[in-house]
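Enquirer: Got a predicted structure plus its sequence, pasted below:
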Amino acid sequence: MKKVGIIIAFFAVFLCLYFLQANFFTWFTIADVMPNLFIIFLLFIGLFAGKKVGAICGLVFGIILDFCIGKSVFMYGVMLMVVGFLGGLLDKNFSKDSRITIMLMVIGMTCIFEIGIYLISVLLLSANLEIVAFLRTLLIEIIYNVLLTIIVYPLFPALGYPIEEKFKGKTILTKYF
């Protein structure tokens, strides 16, 4: 029953992040580029709740974003699902206790998400192929996401480990024993 409460809390946080993304960060852009808070949030869900929950939350939240702000249905849904799933995969191979590791994960997920969105836009929606503008936007978004990750990193272990205990149970580091 507590898992349902955590999922409801995820949805409430998603709504807060949507409000911040749509209202607050429109005032604080760098070269007309905003951070993508949803990448950081779904990486958090994937790391601490697992790849299934991360993928499902990514798909649901992405479909909501597609209907609210997207150009195409399922474009954000698919890419946020990939971010949540890969976050769950990264949990098994990397430490969540290192700030640098989390920042590198955010850099990787931002690249994967933005390249995927760009490729979908070019291939399916016939968007213009502008590599230099895309790379500039990607670099600014990576810097912005990393700065926000540095700010919110103390919340990762504080909120993440209780969530991990509910979704994954008690885990023992057996590979060291």
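Expert: Received, thanks. Numbers count the residues shown, from 1 in each chain.
Enquirer: show me the contacts for the spatially most central residue of the chain.
Expert: By Cα atoms, centre = their mean, the chain has its centre lying nearest to residue 39, at 2.0 Å. Neighbouring residues of residue 39 by Cβ atoms under 8 Å, 6 or more residues apart in numbering: 80, 83, 106, 109, 110, 113, 145. Bear in mind the C-beta positions are built from the backbone N, C-alpha and C, glycine included.
Enquirer: My read is that the fifth one contacts residue 147, right?
Expert: This points to residue 110. No - using Cβ atoms under 8 Å, residue 110 is not in contact with residue 147, being 12.0 Å away.
Enquirer: what comes up buried for the longest helix along the chain?
Expert: With secondary structure taken from DSSP state H, the chain has its longest helix at helix 99-124. Residues of helix 99-124 classed as buried by neighbour count (16 or more other Cβ atoms under 10 Å): 102-103, 105-106, 109-110, 113-114, 116-118, 120-121.
Enquirer: next SSE after it?
Expert: The helix or strand immediately downstream of helix 99-124 is helix 131-152, counting by DSSP states H and E.
Enquirer: Output the lowest mean pLDDT helix or strand found in this structure.
Expert: helix 155-168 (a mean of 89; mean pLDDT, DSSP states H and E).
Enquirer: Quick check: residue 6 vs residue 118, distance?
Expert: Distance check for residue 6 against residue 118: by Cβ to Cβ, to the nearest Å, it reads 33 Å.
Enquirer: Ignore what I typed, I meant residue 168.
Expert: 34 Å.
Enquirer: Report the mean per-residue pLDDT for stretch 112-127.
Expert: Taken as a whole, stretch 112-127 has an average pLDDT of 89.
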